[in-house]
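Asker: quick one: sequence plus predicted model below, questions after.
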Amino acid sequence: MRLFCFGFGYSASYFARACKWESVYGTHRGDLPLSLEAREKLAEATHILLSIPPNENGDIIIGEKFPAAKWIGYLSTTGVYGNTDGGWVDETSPLKPANDRSKWRVLAENQWLQTGLPVHIFRLSGIYGLGRSAIDELKKGTARRIAKPNQFFSRIHVEDIAQILAASVKNPTPGEIFNCADDLPAPAAEVVEYAAKLMGIEPPPSVPFEEAEMSEMARSFYLSSRRVKNDKIKKILNVSLKYPDYKQGLAAIWHETCL
């Protein structure tokens, strides 16, 4: 198996370690258009991971040729479901993207599903893990505790993303869409409080959403509230989450940080 990653970032780097590959090749910012070496690697790749954000025209990789591809994974987002006021969504729920970024994701998903290639769509919830968690934000002094009633977010540990992708590689199901989320959606403020408790420090003061100063992108994060069901990854891919909730995930991160 030979892996080619369009966008060799945080999630892709964990996936690259989750399977026994003959070779791994990944692109970074500024690597497009592809070099001759990259094109040679792409032509040989049996597995393709797509994790570059789309634009208003959809996915920027659409139209590339993958002559040896047996499996293609597209990393999308649960943001495509939009706001459900804390209600649950699954892979059959209506798509109601609330911002341009999520609308572009819907467009990109459809573009790939219409190619006839062995594409699998993975809708990722909020990604966290070692180096990217509420614990790290508290250490840096950037953590915030924003209070907004009925505000629910779903999360997924990066190691669980890797094992979901690896399970799909082992059992390909082209055309399927999978939500990648843990078992416990929760307010972001609750996660910060728990991280502070693990660290034995006081959490940052609670600030009402209406009074909080933040960028437009950060504010848009709080305008959608939803809880994401993950039954499909368990039933079809037989995945047993390593970190089924943020408490176990953060505890593992804190333990590793303290080693």
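Answerer: Yes, it's here. Numbering: from 1, shown residues only.

Asker: show me where the stretch 1-150 of the chain has strands.
Answerer: Under the criterion DSSP state E, counting those that start in this stretch, strands of the stretch 1-150 of the chain are mapped to 2-6, 23-26, 47-50, 71-77, 88-89, 119-124, 126-128, 145-147.

Asker: mean pLDDT for those: which is lowest?
Answerer: Per-stretch mean pLDDT for those is lowest at strand 145-147 (a mean of 91).

Asker: measure stretch 54-65 end to end?
Answerer: One end of stretch 54-65 to the other measures 18 Å (CA to CA, to the nearest Å).

Asker: stretch 92-104 now?
Answerer: One end of stretch 92-104 sits 19 Å from the other (CA to CA).

Asker: before we move on, what about stretch 119-132?
Answerer: Stretch 119-132 has an end-to-end distance of 28 Å (CA to CA).

Asker: from the chain's centroid, how far away is that stretch?
Answerer: Relative to its parent chain, stretch 119-132 has a centroid offset of 2 Å by CA atoms, centre = their mean, to the nearest Å.

Asker: over to stretch 90-101?
Answerer: Relative to the mean C-alpha coordinate of its chain, stretch 90-101 is positioned 15 Å out (CA atoms, centre = their mean).

Asker: repeat for stretch 24-36
Answerer: On CA atoms, centre = their mean, the centre of stretch 24-36 falls 21 Å from the chain's centre.

Asker: give the buried residues for that stretch.
Answerer: Under the neighbour-count criterion of 16 or more other CB atoms under 10 Å, stretch 24-36 has 24-27, 34 buried. In short, each C-beta sits where N, CA and C put it, glycine included.

Asker: where do the helices sit along the stretch 1-150 of the chain?
Answerer: 10-16, 36-44, 100-113, 134-140 (DSSP state H, counting those that start in this stretch).

Asker: got the buried residues of stretch 24-36 as a markdown table, with distance to residue 243 columns?
Answerer: Converted to a markdown table, the buried residues of stretch 24-36 look like this (distance: CB to CB, whole Å):
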| residue | distance to residue 243 |
| --- | --- |
| 24 | 24 |
| 25 | 29 |
| 26 | 25 |
| 27 | 28 |
| 34 | 35 |
